[in-house]
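[1] Below are the sequence and a predicted model for it; my questions follow.
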Amino acid sequence: MEEMNNGTSPSSEDETGREASGQFGEEAARNDARARFISETKEWIKSIVIALVLALVLKSVVVQSYMIPTGSMEPTIMPYDRVFGNRFIYRLHDPAPGDIISFRPPPAAVNSLEYLYAQDSQRGNTKVIPYLKRVIAVAGDTVRVHDGKVYRNNIPLDEPYIMEKPNYEFPTVRVPKDMVFVMGDNRCNSHDSHIWGFLPKRNIQAKAFFRFWPVKRIGVLR
């Protein structure tokens with residue numbers, strides 16, 4: 001007795017199964033790739049968010065950048081140089097003579113005709129520009145300027161960093177508690193403590209430690 005052929009051969013059934021299996025495998029691969037892409041995207045977003053948060057924390061607590069608009073610290077810092085300031089260091093110890101610091105100028109400096117303002121063009125407000133000067137003396141020290149030299153505790157300072165010797169006289173004063181005495185390295189063209197007096201320590205924002213612009217003058221500040 002001859003068997004009847006139902007129109008489906010074993011080989012065609014295998015091919016159909018392989019096609020179905022292949023389609024399922026491709027779909028699974030696409031799903032896996034999609035899942036990996038979503039997972040990697042989430043990780044990138046998480047990393048970017050963490051980096052932004054750390055940057056904001058660093059800026060507000062540890063490091064601040066400053067652009068110097070004037071020549072009062074020449075030749076150490078030139079106009080339009082950009083420097084980093086360490087905002088955290090003075091939580092560990094007090095400012096010391098020789099430190100270059102950024103600070104909010106006291107009222108005596110703000111009220112001076114020589115003080116510079118920056119206009120906020122978007123809001124129409126006037127905001128105070130931080131100063132950048134060098135600490136010359138701290139609480140308990142005496143300071144005077146005589147015959148082109150600055151004296152701290154009656155000892156003339158060795159200052160290879162200044163632009164030129166001061167062309168003015170300044171009588172002996174003693175720095176009060178919680179104050180410092182600051183001067184610009186451009187001694188004859190600096191709006192500093194010899195004009196407006198002592199600087200409260202609470203006004204100090206950071207210690208300037210590194211110039212990052214322009215590229216040709218990148219380096220540690222001294």
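    It's in.

[2] So in the chain, which strand runs the longest?
    strand 204-213 (DSSP state E).

[3] What strands flank that strand, and is each parallel or antiparallel?
    strand 82-86 (antiparallel), strand 100-103 (antiparallel), strand 219-220 (antiparallel) (DSSP bridges).

[4] how is this protein carved up into domains?
    Here the domain parsing of the chain from automatic domain parsing is 11-64, 68-220.

[5] looking at these, which is buried most?
    domain 68-220 (a mean of 16; mean count of other C-beta atoms under 10 Å). (Each C-beta comes from the backbone N, C-alpha and C, glycine too.)

[6] avg pLDDT for that domain?
    Regarding domain 68-220, the rounded mean pLDDT is 90.

[7] Start and end of it, how far apart?
    End-to-end distance for domain 68-220, by C-alpha to C-alpha, to the nearest Å: 16 Å.

[8] Relative to the whole chain's centre, how far out is that domain?
    Put simply, domain 68-220 sits 18 Å off its chain's centre (C-alpha atoms, centre = their mean, to the nearest Å).

[9] Then stretch 211-222?
    For stretch 211-222, the distance to the chain centre is 13 Å (C-alpha atoms, centre = their mean).

[10] Strands along the protein, start to end?
    So, for the chain - with DSSP E - the strands run 63-67, 82-86, 100-103, 117-120, 125-128, 131-138, 142-146, 149-152, 155-156, 170-174, 179-183, 199-200, 204-213, 219-220.

[11] Mind putting the ones you listed into CSV with distance to Ile162?
    Shown next, in CSV, are the strands of the chain (distance: least, C-beta to C-beta, whole Å):
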stretch, distance to Ile162
strand 63-67, 21
strand 82-86, 18
strand 100-103, 13
strand 117-120, 27
strand 125-128, 26
strand 131-138, 9
strand 142-146, 12
strand 149-152, 9
strand 155-156, 13
strand 170-174, 15
strand 179-183, 9
strand 199-200, 19
strand 204-213, 16
strand 219-220, 18
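
[12] His93 is nearest to which of those strands?
    The minimum distance between His93 and the strands of the chain falls on strand 204-213, with 10.2 Å, by C-beta to C-beta.

[13] So what touches the closest one?
    Residues from elsewhere that reach strand 204-213 (C-beta atoms under 8 Å, 6 or more residues apart in numbering): 64-66, 77, 81-87, 89-90, 95, 99-104, 130, 132, 180, 217-221.

[14] ok, now which ones touch the closest residue to Lys201 other than its chain neighbours?
    Among residues not flanking Lys201 along the chain, Asp178 sits closest, at 5.2 Å (C-beta to C-beta, 6 or more residues apart in numbering). For Asp178, the contact set (C-beta under 8 Å, 6+ apart) comprises 139, 200-202.

[15] would you list the residues you listed in TSV and tack on distance to Gly71?
    Formatted as TSV, the contacts of Asp178 follow (distance: C-beta to C-beta, whole Å):
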residue	distance to Gly71
Ala139	29
Pro200	25
Lys201	26
Arg202	27
